Structures are given as C-alpha cells and as structure tokens.
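Need a 3D model of the following:
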Amino acid sequence: MIVMPTTYSPMTVARSFQLVEEFELSGRVLHVIYDSQTPRAAIIEADIETFDGVPRHRVVAALDLQRKAQLGKDIVAVERCWEDANLVQVEGICVAPGERDKGLATRLYEALILQCGITLISDFEQYDGGKMLWQKIARESDHIVVFVLDTEQSAFWPYDGSKVVYDGGCIPEERIWSLSPDQKCHGIVLVAESKTKASQMMEDPARFRI
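Okay, here's the model as predicted:
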C-alpha cells in the first residue's frame, strides 16, 4: 500500500532503481524510476532535500506493481495473450496531493510502456480513481493504446476474435466496470501497450487469439 507523502534515500534510488526518464515540470527536474525486481515505479524530484537532517528524494507519484504468470485466479496464462511480453499488473497508484491534475500518472504509465517495454494490466479491483485514470489514458495518450480483455472468456473486446482499441468511451461502461464491492465485471482487465507494438500485433490476428 502506497502512503503519501513519502521519500526515498539517494542510496535506495541508486541501489534499487533504474532511471527511465528525466523531464521538467513547474521549474523542477523530475525522474521516472523503475525497480524491476520488486517491481515498483515512481516519479521523484531529482534534487535532494533534507528531512529531519537526512538527505532524501521527494516522491511525487508512486506505482505498486506485480508480475504474474496468470491473471489473478483466472486460468488464462498471460503468455498465451502476448508473445515475449513483459507483463506487469498494476496494484495501486498514488500521486501526492499537491501534484495531482498534472498528468503525472499518465506520464508514469507511458514511460514504463515506452522506455521499459512493459505491457501494463489493470487490477481486478477498480475504484473511481483507477477508472478515471484508465479512461483518461485511453482517451488522451498519443503514445499508448488500451484494450479490454475478458479473462473469463479468454477474449478481447468485442469477443469475436478481433481486437478493438478502447478510446475511453467506445465500449459500454457496464461491460467493463463494476466498482468495488460489485464483482460482475471482476474478470475484465484493461491492457495498455505501445501504439507501435499494438499495430504490429494487430497486423497478425492469430497472435491475439487465445
């Protein structure tokens, strides 16, 4: 569970994380960092501050991840959906209160997908914040695309052997979302990957038939 505010020591960053991307926002230099072993990712301030006399990097956004051989309790093995894919499931994301509405969550998703070659899968449990983030990414990102996968049917939307890009509104919401504690859409996950990779895979439909 991610708790904000939080910080990382320079030693932890150097030992556990790789630098994925550097960018500027509001006059600050920020680093996207990724720990492939845990796995986890974050956006931190590049400059070091002193907290109670200890040098630390301030974390502005953090993402908890989990690598799974299968999608939750469902039978669908992920390697049957994507060949040679680096699949990671999102378990939680948190943006520091003063940093929200700046596109940081989208930036973090894009950096992991584009720079690290990761395919991100949504959690099976969806809350309002997660729903809005996935819709925003599907609607606004120029670099990644989102698909809807029903792990119980072992098929992508529209479940006829094809694979349709989700644009944040083209699929009826009741077919995707059942907000906790409702479980009717528990087997539905959203899948985000790079547009380039998705285009290559969609040229060969046999690769996404499960």
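
export stretch 104-118 as PDB, just CAs?
The C-alpha coordinates for stretch 104-118 follow below in PDB (Å, rounded to 0.1, in the frame of the first residue of the first chain):
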ATOM      1  CA  LEU A 104       2.000  12.500 -13.700                       C
ATOM      2  CA  ALA A 105       0.100   9.200 -13.500                       C
ATOM      3  CA  THR A 106      -0.200   9.100 -17.300                       C
ATOM      4  CA  ARG A 107       3.500  10.100 -17.700                       C
ATOM      5  CA  LEU A 108       4.500   7.300 -15.400                       C
ATOM      6  CA  TYR A 109       2.500   4.700 -17.400                       C
ATOM      7  CA  GLU A 110       3.800   6.000 -20.700                       C
ATOM      8  CA  ALA A 111       7.400   5.900 -19.500                       C
ATOM      9  CA  LEU A 112       7.200   2.300 -18.300                       C
ATOM     10  CA  ILE A 113       5.500   1.200 -21.500                       C
ATOM     11  CA  LEU A 114       7.600   3.100 -24.000                       C
ATOM     12  CA  GLN A 115      11.000   3.100 -22.300                       C
ATOM     13  CA  CYS A 116      10.900  -0.300 -20.500                       C
ATOM     14  CA  GLY A 117       8.900  -2.300 -23.000                       C
ATOM     15  CA  ILE A 118       6.300  -3.100 -20.300                       C
END
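
what comes up buried for that stretch?
104-114, 116, 118 (16 or more other Cβ atoms under 10 Å). Glycine gets a C-beta too; all of them are placed from N, C-alpha and C.

and Arg28, bridged to which residues?
Leu25 (DSSP bridges).

Surely it and Glu49 touch.
No - at 11.3 Å, Arg28 does not count as touching Glu49 under the criterion of Cβ atoms under 8 Å.

Number of residues surrounding the residue nearest to Met1 when sequence neighbours are not counted?
Spatial nearest neighbour of Met1, chain neighbours left out: Gly92 (6.7 Å); criterion: Cβ to Cβ, 6 or more residues apart in numbering. As a burial measure, Gly92 scores 17 neighbours (other Cβ atoms under 10 Å).

Report the beta-bridge partner residues of Gly92.
Asp64.

Please enumerate the helices of this protein.
10-16, 104-116, 128-140, 195-202 (DSSP state H).

can I get those in CSV with mean pLDDT and distance to Ala41?
Below are the helices of the chain laid out as CSV (pLDDT from 0 to 100; distance: least, Cβ to Cβ, whole Å):
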stretch, mean pLDDT, distance to Ala41
helix 10-16, 97, 11
helix 104-116, 96, 6
helix 128-140, 91, 14
helix 195-202, 76, 19
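
what's the closest of these to Arg40?
Nearest to Arg40 among the helices of the chain is helix 10-16; the distance by Cβ to Cβ comes to 8.6 Å.

where in the protein is pLDDT low?
Across the chain, the ranges flagged by pLDDT under 70 are 68-85, 179-180, 201-210.

Enumerate the strands of it by residue range, in sequence order.
7-8, 18-25, 28-35, 40-45, 49-51, 54-66, 86-95, 118-121, 144-150, 155-156, 188-194 (DSSP state E).
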